[in-house]
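Chemist: Kindly generate the corresponding structure for this input.
(chains A and B)
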2 protein chains.
Amino acid sequence: MPVTGDQQLLKQLNRMALVRQVGAAPGLSRAALAEVLGLTKSTVSLLARELIDEGWLAESDLLTTGEVGRRATPLHLDGGRLALLGAEVGIDEARVVATDLLGRVVDSVVLPYQDPNDAPGCIALAGTGLIALARRLSRRNAAGGARRVLGIGIGLHGAVDEASGVLRHAPHLGWRNVDVGAQLAARLAGSPLAGLPRYMQNEANVAALGEFEFTPQSATDPLVYLSIGYGVGAGVIVSDRLLTGLRGFAGEVGHAILQVDGPTCSCGRRGCADALIGLGALLATVLDEERPSYAALETLVGRVEQGEAASCAAVDEAGRQLGVLLNNLWASFDPMAICIGGPALRLGDTFIAPARRVLADYAAAAVLAPPEIRTSEFGADAVAVGAAALARYRLTRPLDR
Amino acid sequence: MPVTGDQQLLKQLNRMALVRQVGAAPGLSRAALAEVLGLTKSTVSLLARELIDEGWLAESDLLTTGEVGRRATPLHLDGGRLALLGAEVGIDEARVVATDLLGRVVDSVVLPYQDPNDAPGCIALAGTGLIALARRLSRRNAAGGARRVLGIGIGLHGAVDEASGVLRHAPHLGWRNVDVGAQLAARLAGSPLAGLPRYMQNEANVAALGEFEFTPQSATDPLVYLSIGYGVGAGVIVSDRLLTGLRGFAGEVGHAILQVDGPTCSCGRRGCADALIGLGALLATVLDEERPSYAALETLVGRVEQGEAASCAAVDEAGRQLGVLLNNLWASFDPMAICIGGPALRLGDTFIAPARRVLADYAAAAVLAPPEIRTSEFGADAVAVGAAALARYRLTRPLDR
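Modeler: Numbering: from 1, shown residues only, chains lettered A, B, ... in the order given. Here you go, the predicted structure:
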């Protein structure tokens, strides 16, 4: 329902529309914002004043434009007073970041798991990291660098039912139906974070939001973010919305079949993209590693950098399968760009170049221009920063579920 | 932008929200509608009065509820006074229907092409059909069955850029970059249809909207509609919106690769779903037909019904590939249901049963419940009726592009 009679909601919608507009086009004056948003200038002035008082927006120094007698005070997002917290409950560690409203990391902590099979322990560890960062932010606060936490995002390596807070299935962790929301609530109870809005989503979904909310290319829509770590998953944004699907499985393209009767996948099916492209499968094949780890990935990266033939051939084959998956994502979503991210980027062009070649060949055969293929700039923090982006995304879209 | 200061637009949004709500839940009173929509009862009464006067809504007979002294007048969509026109510019014919607001066909015409290579001729023929139906509706009008045409939808067998009215590529017709919008405007100029809103979309997209707007299961969201005719394409609806993608190619899953280095597809790639599942490929393989036709399909259906071994084996193999595609649509979109439609349904369970089996096997391997798979009820008119649904869909969502 786009419009209701609820004046409070209407006001909050307009406030957050103003925040989003200022984020998308920093430096506009109140008059220009009123024009773009279809609001009166006095409404914009009133809302801007509130948002400046609360720390969302800041005014630049008065600028005199070329026109005689006219002065405009440009608005931009305030990077100094508010914070977002983002946590990745990863495969072998929890990564937690605090960012400003523009997605710049202002603090972070990495906590290695004791035991990845102990889901409650891993989730509590992420909670510990969140509380630690909140404490550090508040100590800075006492020292003068005031920064209030607005909300918390969590990125999880599996399909997430955001409404219930349940992680349905994380194949590379072996977790099923873990009530992350309740466990995290229990860990945060009594801490300063207890009452704050919390949001959770699949790791590829949050990384997609990081790319969408926090980079200058935020006008890329539709955007597909393809996350390649031990598993393969996509986050898809269409018309300013994250696609989640009925049960949080949308974008789980790692479990689309690329090769009928191909190798067995961590999910139980055979021939999934995950089993042909994911690092878990690649490390198992090349290094005979049963449980993937960052150390194993570094070994593989070393062998590829030294040009070891069998490793390079395996990575090239995975790269060519990635090209097929890129074609299929193009056919399914017709995105403006596909952004590739995740630990597999460490394999460099040995991995990405064959994928680009395969996609280009398909595009040439069909006489069509393929979408732009780019790689993420956020590195190892992509999921944690994306989790912070999830918080900003939800807070600024009060009507979306 | 969810909210603007434009009072006219706000009113139109509320009017159309009311129409959609009455369509989704017929029989509610004004008070109940006010509650659901978050509007005041007097606003709902005012808007309902306008919409009744214009032919959108009708009142049922006064009903006395159980509560003493209370009377409620239920509202429903008026099936009697307005019409939508929908045209399918098909592979070997143009089909045009007039429906009421609820999607019930009130008139139709089928016009076989003289020459499918003559794109302007085929498009003009669809225009001729639209004008013929409009004339018949107006003659009835004179006889007392008043029915005003609200808008026109067009379904096309290829990727459509709706904003420019250009059909980008229709592989099974061999058409590229055909300016359908301008050609149709030229054909309708001077007719009573000249000034009416016109919308156009891919055939699978409009058929998806037909299923979404005009069936009692309209609460199915996300919905994937998989159209299997000479080619294969999907229409995807998520959160009440049709996904179109950057250039109208979203849902073109017929050109996702299911078999690397598989058979050459009409699009130029190899191993596409289209070349493994579509009737064009199946008829070429089994009957050695170069140009698919309804007559050839009837021949194949006859052979399958008689249990001819080679034909049944080919259809079974296509059905199993369809099962793989269903798995991949599930992984990509996590829909509530996938609805299969199009001429291939004529092949019956020889085609559909192996698809269901393959999907069930994947679901069992992954220990997950697959989406509901159902088949369309609209038969040969699915695209034309869907085109009428496109008109209702766009008219009742004034803010969507």
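Chemist: A:R394 against A:G151, yeah?
Modeler: Yes. Assessed by CB atoms under 8 Å, A:R394 is found in contact with A:G151 at 7.3 Å. Backbone N, C-alpha and C define where each C-beta goes, glycine included.
Chemist: okay, and the common contacts of the two?
Modeler: Common neighbours of A:R394 and A:G151 are listed as A:197, A:199 (criterion: CB atoms under 8 Å, 6 or more residues apart in numbering or on different chains).
Chemist: Just give the closest residue to the closest residue to chain B within the stretch 251-400 of chain A, not the sequence neighbours.
Modeler: Among all residues of the stretch 251-400 of chain A, A:D334 sits closest to chain B, at 2.4 Å; criterion: CB to the nearest CB. Leaving aside its sequence neighbours, A:D334 sits nearest to B:G245 (CB to CB, 6 or more residues apart in numbering or on different chains; 2.4 Å).
Chemist: distance of the residue most central in space within chain A from B:C339?
Modeler: Taking CA atoms, centre = their mean as the criterion, A:A207 is the residue nearest the geometric centre of chain A, at 2.0 Å. Plainly put, A:A207 is 32 Å away from B:C339 if you go by CB to CB, to the nearest Å.
Chemist: If I look at A:A159, what pLDDT would I see?
Modeler: We have a pLDDT of 88 for A:A159.
Chemist: Sorry, slip of the keys, the one I care about is A:R303.
Modeler: 96.
Chemist: I figured it hits A:L282, correct?
Modeler: No. With contact defined as CB under 8 Å, A:R303 does not count as touching A:L282 (11.3 Å).
Chemist: Neighbour count for those two, which is higher?
Modeler: A:L282 (27 against 18; other CB atoms under 10 Å in any protein chain shown).
Chemist: Could you say which helix or strand holds the more buried one?
Modeler: Element membership of A:L282, judged by DSSP states H and E, is helix A:279-287.
Chemist: for the next helix or strand after that helix, which positions count as buried?
Modeler: Per DSSP H and E, the first helix or strand lying C-terminal to helix A:279-287 is helix A:294-305. For helix A:294-305, the neighbour count (16 or more other CB atoms under 10 Å in any protein chain shown) marks A:296-297, A:299-301, A:303-304 as buried.
Chemist: what would those look like in a markdown table with distance to B:A388?
Modeler: Converted to a markdown table, those look like this (distance: CB to CB, whole Å):
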| residue | distance to B:A388 |
| --- | --- |
| A:A296 | 57 |
| A:L297 | 55 |
| A:T299 | 61 |
| A:L300 | 56 |
| A:V301 | 57 |
| A:R303 | 60 |
| A:V304 | 56 |
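Chemist: all helices for the stretch 101-250 of chain A, in order.
Modeler: A:119-142, A:180-188, A:203-214 (DSSP state H, counting those that start in this stretch).
Chemist: By mean pLDDT, flag the weakest helix or strand of chain A.
Modeler: Here the helix or strand of chain A ranked lowest by mean pLDDT, DSSP states H and E is strand A:63-64, holding a mean of 53.
Chemist: residue boundaries of the strands in the stretch 201-350 of chain A?
Modeler: Secondary structure of the stretch 201-350 of chain A (DSSP state E, counting those that start in this stretch): strands at A:223-228, A:232-238, A:241-242, A:337-341.
Chemist: Any regions of the stretch 101-250 of chain A where pLDDT drops low?
Modeler: A:141-144, A:146, A:217-218 (pLDDT under 70).
Chemist: What residues does it have near chain B?
Modeler: Neighbours of chain B within the stretch 101-250 of chain A, by CB under 8 Å from any CB of the partner chain: A:169, A:222, A:238-239, A:241, A:243-250.
Chemist: Widest-spaced pair of those residues?
Modeler: A:H169 and A:S239 (27.9 Å; CB to CB).
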